[in-house]
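Q: sequence and predicted structure below; questions after.
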Amino acid sequence: MRQEAVHVFERKRMRAIELYIKYKKSPADVIRELGYPDPKMLGKWYKMYLEKQETEVPYEKRYAKVPRFSQEEQEAAVRHYLKHWTQFFKNR
């Protein structure tokens, strides 16, 4: 179900970008025809589209968030907390 929604969204976004190009980058014309998105979002979508064309790397992967701590470090922190949690409350 979630995957279907993502595909529908991608198709709608591409439709908006195609119209944006067709109407010579006029957000008002695109919004008039489709009823979405707002002008700022359309500009962002177009920028993402151009970056993907230039780099051949999807925007989502290009700017993926890098975890602050490794999986090992996260597990060690949880183990430490579970081992010492009672001391935390005694000292309060």
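A: It's in.
Q: buried residues in whatever helix or strand Glu4 lives in?
A: Taking DSSP states H and E as the criterion, Glu4 maps to helix 2-22. Across helix 2-22, burial judged by 16 or more other Cβ atoms under 10 Å covers Arg13, Ala16, Ile17, Leu19, Tyr20. For glycine as for every other residue, the C-beta is placed from the backbone atoms N, C-alpha and C.
Q: among those residues, which one lies nearest to Lys47?
A: Of all those, Lys47 sits closest to Ile17, with 10.2 Å by Cβ to Cβ.
Q: tell me the contacts of that closest one?
A: Contact analysis of Ile17 by Cβ atoms under 8 Å, 6 or more residues apart in numbering lists Leu42, Trp45, Tyr46, Tyr49.
Q: which ones are touching the third one?
A: This means Tyr46. Per Cβ under 8 Å, 6+ apart, neighbours of Tyr46: Ile17, Tyr20, Ile21, Lys25.
Q: can you count the residues close to the residue nearest to the second one when sequence neighbours are not counted?
A: In space, not counting the residues next to it along the chain, Tyr20 is nearest to Val30; the distance is 5.1 Å by Cβ to Cβ, 6 or more residues apart in numbering. Look at Val30: counted by other Cβ atoms under 10 Å, it has 24 neighbours.
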